[in-house]
Structure formats: structure tokens, C-alpha cells
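In: Return atomic coordinates for the entry below.
(one chain, ligands or ions: 2)
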Amino acid sequence: MGTFKIEGGHQLKGEIQPQGAKNEALQILCAVLLTPDKITIHNIPDIVDVNKLIKLLAKLGVKIEKIDTNAYTFQSDEIDLEYLETEQFKIDGSGLRGSIMIVGPLLGRFGKGYIPKPGGDKIGRRRLDTHFEGFINLGASFRYNREDYFYGVEAEKLKGTYMLLDEASVTGTANIVMAAVLAEGTTTIYNAACEPYLQQLCKMLNRMGANIKGIGSNMLIIEGVDSLGGTDHRMLPDMIEIGSWIGLAAMTKSELTIKNVSWDDLGQIPNVFAKLGITLERQGDDIYIPAHTNGYEIQNYIDGSILTIADAPWPGFTPDLLSIVLVVATQARGEVVIHQKMFESRLFFVDKLIDMGAKIILCDPHRATVIGHDFKSQLKATTMVSPDIRAGISLLIAALSAKGTSVIHNIEQIDRGYENIDSRLKAIGAKIERV
Ligand SMILES: CC(=O)N[C@H]1[C@@H](OP(=O)(O)OP(=O)(O)OC[C@H]2O[C@@H](n3ccc(=O)[nH]c3=O)[C@H](O)[C@@H]2O)O[C@H](CO)[C@@H](O)[C@@H]1O
Ligand SMILES: C=C(OP(=O)(O)O)C(=O)O
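Out: Ligands and ions are numbered 1, 2, ... in the order given. Have a look, this model is predicted:
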């Protein structure tokens, strides 16, 4: 179990280049299975989850070449479907959440797709019904082996159809789209997820020869084609990482510039941090955050009632930033209710923040009320264990603002989604060691 030792209470300063987006990378990497032609992908983040998926693709027979620090080529012209029947695949496939998205492309191109129960954050129930109901709608037969949590879908030829998803699942929509692009006829997916990473996937598939309309909306219309070809793709910057850097800057009263953020793809993120009282300046495509020497004040609603920050499917606010918003609120002036609607086990990490002196009431598993300290009392350093990726980075931000030296164990959770986080933090003045 890896550990970070952090000496908190220091102001940081400098520029940060965000990494390529983790959750986009997981979709895009699965899409390389859709064609025998070469695909070049740039801005791939060097993080544990993505590297696990790249290894899994290699074991499936994808020819992979690293052509630059964050760029690879992929060629899926000799796929070894037998690997899907092996015990090793059960281990590899369950190592991350994103592996679920190999099923759609494999089903679309080879007529069968299998996956063990995927891994990822333990943040509540993470059902897969939307994915498999979508494949069944396209004509696939489905089986699930309860003994070893193994899912399978098979079809001679998928047939396009109309479907209304039971929820706007992000990976579910990506999976169904990747199957439907090679189905016969027209598939309409209503209540589709429409976040920027999904838009990126659809645009990439269209460059490969697919015919997807309605990109960016919650209704995707896909005319199936017989085959797809190669393309070049560049990943967007990671909006969750960008939000994490904004939170870090505010909590440590640091002046930071986050470079090349693709501002127009950030949706509600700048607004939500602005509601917490954080000043963000748009400078070209960069975000400049001045040092918040006098703190930051949470805005109430216009009728004076207390602000609630809640998650919702895109274009709502992403659930992946709520833990970060929560930690930032602990030092604000004012109060806020954090409502995590999607996941029921994601707020339990607040116990650690309470140990550090934060004023938080966990009302129920989904809601926490935070009463900010306005920096009148600093958080106290402590020893903690990172339960999931976003709680992990939130605890790291708390530790960097706290008085004294904190220790965070199980930092593998943070490494799942943040590239070289310790060296990038050190470059802007943080006192952090991997021990
Ligand atoms: C690898 C990847 O891309 N992971 C992301 C993806 O996970 P993932 O695709 O697994 O998440 P889903 O979009 O399927 O759903 C997340 C949770 O929200 C619930 N839900 C979803 C849609 C909806 O309309 N109503 C609703 O309540 C689901 O029941 C589930 O509990 O999207 C999540 C939601 O943005 C993010 O937290 C994850 O980081
Ligand atoms: C929940 C997350 O990831 P995953 O879906 O990969 O577990 C996340 O990135 O915050």
C-alpha cells in the first residue's frame, strides 16, 4: 500500500498543464477494437487505470506502439478472442471500471463480448443494466454467471432499433454506441448521456466512417455501416483534474494558472466554483486563479436561502467533483449542502475531515452540510486512508492546507486517475513525498 507524506500549510504558485481525460481515454481506447486499421491517439494520460486497459488490449492481441510520451498507435487486425475465455481475463477485466466498454465494440465487430464484473471505485451500487438492456435491444442474447460474476452477450448480426435508456449512463451510452455503429439499419438512443467525452467518442467514430447524428444531445441517431477505418484522435484535458486544481488553489490560497483547459467543454464547473466564492479568470483557454488571501465566500440563492450543490447527468454538475467541492467548502465563509445523488457511499470520507477539525454534518449517505471556517481555524494534520479516487484527492488537498504533517495511505486510488501527482505538486512548491 503506497503512502504520501505531506507537510501542509504552504502556499503554492505556478502553472499546471492538465493531463488528458481519464474517462475519455477509457472510451476511446475501447473503440480501437472496432477496426483492423491503425488508430493513433494523443494525450493519453499515464495513469494506472488507463495503463491497465492498454495491457488488457495488448493481451487481446491489439498491436500497440508507444510513439511519444502520451501517444500510442493501436491496430486490432489480429484479435485473440480466446483470451476472453481465460482466467487471466477475469483478473484483468475486473481491475477497472472502463474495461466494461470493450463489450460493445467486440459484440459489434465479432458478434460476442464478455466481461467479468468490472472494478473501479467502490462508491455505491454500480449496476450495468443500461449496458446490457441496450445490447439486448440490438438483438443480442445475454447471459450472466452469478457464480463468478461473468457477463456475456452474443449475436449473429445486430439490428438497429429505437431505445429509451432507463438512465443516461455514461459508459452505458458509449458501449451501446460502439455496438450500434456496426449494426444493420438505424439505431436511435434516447436519454443518451451527452457529456464532452462521449461527444469526443462519437466524433472519432464518425471520422472512422460511422454515421452518428445528434452528437451533444440526448438523442443519438446511428446509421449502421459495414466496417470502420483508422483515424487520429486527441484526448481533451481532464475536467475532473482541472476542478481538482481549482479546489487545491483555493484551499491553499495559491496563485495558479491551469493551462489549455478547453474552457468551452467545462460546463458547470467554473460556475460551481464561482458560487463557492472562488475567483476564476478566463485568460484565453487558461484559467487563472489569484491567491485567495482574504478567503472566499459562498453565495446564497437570490432569496437568501442556503446553497445546495448537487450532481446530475451532463449538462448538470459531475458527481466526480463533489468530494472536492466539499473539501473546499470547509474553509469558505458560509454554509453549503452537498447532495451526492448518484452514488450512496461517496461521502463517508467526511469522517476524516471531521477528525481534522472541519465542521460537517453527514445528514444521510447522500447529503452533507458544511459550515466553513473562513480560515479562522486551520485543519489539523492526521493519518488517513484514501477510500476512492476523488475522496483521495480531496484528502490530499485537505492535507496540503492543514497545519502539520499528514500521511495518506492507499494512494494507489489517487494514482488510478492522477498522472505523477506528487512530482507535479512539487513543481509548484508542495512538500509531498511518496514513501
Ligand atoms: C469510467 C467512467 O467514465 N466513469 C464515470 C462514469 O461512470 P459510469 O458510466 O459507471 O456511471 P453511470 O453514468 O452509469 O452512472 C453513475 C451512477 O449514477 C446513477 N445515475 C446515472 C444516470 C442517471 O440519469 N441517473 C442516475 O442516478 C447510476 O445509477 C449510477 O449509480 O460516469 C459517472 C457519472 O458521471 C462518473 O462518476 C464516473 O467517473
Ligand atoms: C468514479 C470514477 O471512476 P471509475 O468510474 O473509473 O471508478 C471517477 O473517475 O471519479
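In: Reduced to three states, what does the residue nearest to Gly108 when sequence neighbours are not counted come out as?
Out: Nearest non-adjacent residue to Gly108, counting by Cβ to Cβ, 6 or more residues apart in numbering: Leu182, 3.8 Å away. Bear in mind the C-beta positions are built from the backbone N, C-alpha and C, glycine included. For Leu182, the assignment made with DSSP: H, G, I helix; E, B strand; the rest coil gives coil.
In: For Leu182, which residues are in contact?
Out: Contacts for Leu182 were tallied using Cβ atoms under 8 Å, 6 or more residues apart in numbering; they are Leu34, Gly108, Arg109, Leu158, Gly224, Val225, Asp226, Ser227, Leu228.
In: Name the nearest of these relative to Ala329.
Out: Comparing the contacts of Leu182 against Ala329 with Cβ to Cβ places Leu34 closest, at 42.6 Å.
In: And for the closest one, the neighbour number?
Out: Residues within reach of Leu34, counting by other Cβ atoms under 10 Å, total 26.
In: And Arg367, by the same measure?
Out: The burial count for Arg367: 16, using other Cβ under 10 Å.
In: Tell me who's in contact with it.
Out: Contacts for Arg367 (Cβ under 8 Å, 6+ apart) come out as Val337, Ile338, His339, Gln340, Leu347.
In: quick one, what contacts Thr252?
Out: His10, Gln11, Leu12, Ile397, Leu400, Ser401.
In: Read off the pLDDT value for the first one.
Out: By that I understand His10. We have a pLDDT of 96 for His10.
In: same check, this time on Arg146
Out: For Arg146, the predicted pLDDT is 87.
In: Can you give me the neighbour number for the residue in the stretch 301-435 of the chain that ligand 2 sits nearest to?
Out: The nearest approach of the stretch 301-435 of the chain to ligand 2 comes at Asp320, 3.8 Å away (Cβ to the nearest ligand atom). If you count neighbours by other Cβ under 10 Å, Asp320 ends up with 26.
In: Contacts only, for the closest residue in space to it that isn't next to it in sequence.
Out: Closest residue to Asp320 apart from its sequence neighbours, by Cβ to Cβ, 6+ apart: Ile240 at 4.7 Å. By Cβ under 8 Å, 6+ apart, the contact list for Ile240 reads Ala21, Lys22, Asn23, Thr318, Asp320, Leu321, Arg390, Gly417.
In: Just send these back as TSV, with distance to ligand 1, secondary structure and pLDDT too.
Out: Putting the contacts of Ile240 into TSV (distance: Cβ to the nearest ligand atom, whole Å; DSSP: H, G, I helix; E, B strand; the rest coil; pLDDT from 0 to 100) gives the following:
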residue	distance to ligand 1	secondary structure	pLDDT
Ala21	9	coil	98
Lys22	7	helix	97
Asn23	4	helix	97
Thr318	6	coil	98
Asp320	5	helix	97
Leu321	10	helix	98
Arg390	8	helix	96
Gly417	9	coil	95
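In: on that earlier part again, pull out the buried members of the contacts of Leu182.
Out: Leu34, Gly108, Arg109, Leu158, Gly224, Leu228 (16 or more other Cβ atoms under 10 Å).
In: how much space is there between the fourth one and Leu182?
Out: To tie it back to what came earlier, the one meant is Leu158. In this structure, Leu158 and Leu182 are 7 Å apart, going by Cβ to Cβ, to the nearest Å.
In: What are the buried residues along stretch 146-157?
Out: For stretch 146-157, by 16+ other Cβ under 10 Å, it's Phe150, Tyr151, Gly152, Val153, Ala155.
In: wait, the second one sits on Arg127?
Out: No - counting by Cβ atoms under 8 Å, Tyr151 stays clear of Arg127, with 11.6 Å between them.
In: Which residue ranges make up each domain of this structure?
Out: Residue ranges for the domains of the chain, per automatic domain parsing: 3-19+237-434, 22-234.
In: okay, how far is it across the first one, tip to tip?
Out: From its first residue to its last, domain 3-19+237-434 covers 6 Å (Cα to Cα, to the nearest Å).
In: cool, the shortest one as well?
Out: As for domain 22-234, its first-to-last residue distance stands at 13 Å under the measure Cα to Cα.
In: Figure out how far it is from the centre of its chain.
Out: Per Cα atoms, centre = their mean, to the nearest Å, the displacement of domain 22-234 from the mean C-alpha position of its chain is 16 Å.
In: what's the answer for stretch 371-382, then?
Out: 28 Å.
In: distance of Ile393 from Val385?
Out: 14 Å.
In: Then Gly429?
Out: When Gly429 is compared with Val385 (using Cβ to Cβ), they lie 26 Å apart.
In: Please apply the same query to Gly113.
Out: Using Cβ to Cβ, Gly113 is found at 35 Å from Val385.
In: and those two? which has more neighbours close in?
Out: Taking other Cβ under 10 Å, Gly113 and Val385 do not tie; Gly113 has more neighbours (29 against 17).
In: Output the contacting helices and strands for the host helix or strand of that one.
Out: Following DSSP states H and E, one finds Gly113 within strand 112-116. Judged by 3 or more Cβ pairs under 8 Å, 6 or more residues apart in numbering; DSSP states H and E, the packing partners of strand 112-116 are helix 87-93, helix 103-110, strand 150-154.
In: possible to save these as JSON lines with mean pLDDT?
Out: What follows is the helices and strands packed on strand 112-116, written out as JSON lines (pLDDT from 0 to 100):
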{"stretch": "helix 87-93", "mean pLDDT": "94"}
{"stretch": "helix 103-110", "mean pLDDT": "98"}
{"stretch": "strand 150-154", "mean pLDDT": "96"}
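In: picking up where we left off before, hmm, the strand holding Gly113 touching ligand 1?
Out: No - in terms of Cβ under 6 Å from any ligand atom, no part of strand 112-116 sits within range of ligand 1; the closest distance is 12.9 Å.
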